[in-house]
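1. Dropping the sequence and predicted coords here.
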Amino acid sequence: MSGIIRVYKRDDEGTLHFREAWFDEDYSQFVMNHGVVGHQSNTDETDVENAEASEGLMDAFAVQCAEDGYAEIPEEDQFWVVAQYALKTKEGTSRDRYLEEKAKDALISHLAWRGLGVVDRSEFSDARLNIFCLTPDVNKTVNAIKVCIRGEDLDFTKLSIGAAPFGEETFKLKHSPKPANSFIL
């Protein structure tokens, strides 16, 4: 997949909408995905001959989005939401690495099809697996992570979720399997 265009707009009621487009090399299609942030999106595909043929469609998509008032949301105006698993060992086991891949793959897809941002990275640190998601909407992303992890049967009982504005290092606890009042990376 080459570049992706991802833009957002608030309507008169304050609801955040998104549109995105990319060229899918595997199917030789120009793909447009759009909808209300936090809800399953609508997708339209157009067959094209190759990546070069999709460039005109990408350009037209970008122009139309700008005319309709859609724009990218800069990273500094977004939020970090971290899905965190408590682990039994400091560095994690092979089972934990499997959990990392399954959870990342599930979250990448679940968040993307709802306009809720991207999975930026994951890391093991101090007996924790942290999966960092960059999102325009904290509350909808926290809810989406809980739904996704439960739906994929990925040990919801060990999941904690924290959030912070981009650039800040103090995370607020948004979900925990047991009573807690802080979130530590």
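-> Perfect, thanks for sending it.
2. how's this structure carved up into domains?
-> Structural domains assigned to the chain are 4-67, 75-175, following automatic domain parsing.
3. Okay, now the unreliable bits of this structure?
-> Within the chain, the segments meeting pLDDT under 70 span 1-2.
4. Report back the residue of it that's furthest from centre.
-> Relative to the C-alpha centroid of the chain, counting by CA atoms, centre = their mean, E49 is the outermost residue, at 29.5 Å.
5. distance of the closest residue to that residue other than its chain neighbours from K88?
-> Spatial nearest neighbour of E49, chain neighbours left out: S28 (6.9 Å); criterion: CB to CB, 6 or more residues apart in numbering. Glycine gets a C-beta too; all of them are placed from N, C-alpha and C. Plainly put, S28 is 46 Å away from K88 if you go by CB to CB, to the nearest Å.
6. same thing with R19?
-> Relative to K88, R19 is positioned 43 Å away (CB to CB).
7. More neighbours: the two, which one.
-> Set R19 next to K88 and count neighbours by other CB atoms under 10 Å: R19 wins out with 21 against 10.
8. okay, the domains of the chain, which one's buried deepest?
-> The highest mean neighbour count among the domains of the chain, using mean count of other CB atoms under 10 Å, belongs to domain 75-175: a mean of 17.
9. still on that earlier bit, I'd like the domains of the chain as TSV, with distance to F183 appended.
-> Putting the domains of the chain into TSV (distance: least, CB to CB, whole Å) gives the following:
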stretch	distance to F183
domain 4-67	22
domain 75-175	3
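10. Where do the strands of the protein begin and end?
-> 4-10, 16-24, 29-36, 42-47, 79-86, 118-124, 128-135, 159-165, 172-175 (DSSP state E).
11. Partner strands of the fourth one and their direction?
-> The reference is to strand 42-47. strand 29-36 (antiparallel) (DSSP bridges).
12. try the last one
-> On the basis of DSSP bridges, the sheet neighbours of strand 172-175 come out as strand 159-165 (antiparallel).
13. Output the strand it pairs with as CSV, nothing but the C-alphas.
-> Extracted C-alpha coordinates of strand 159-165, given in CSV (Å, rounded to 0.1, in the frame of the first residue of the first chain):
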residue,chain,number,x,y,z
LEU,A,159,-6.1,-5.2,30.0
SER,A,160,-5.6,-1.6,31.4
ILE,A,161,-6.0,1.5,29.2
GLY,A,162,-4.4,4.9,29.8
ALA,A,163,-4.6,8.1,27.8
ALA,A,164,-2.8,11.4,27.5
PRO,A,165,-2.7,14.4,25.1
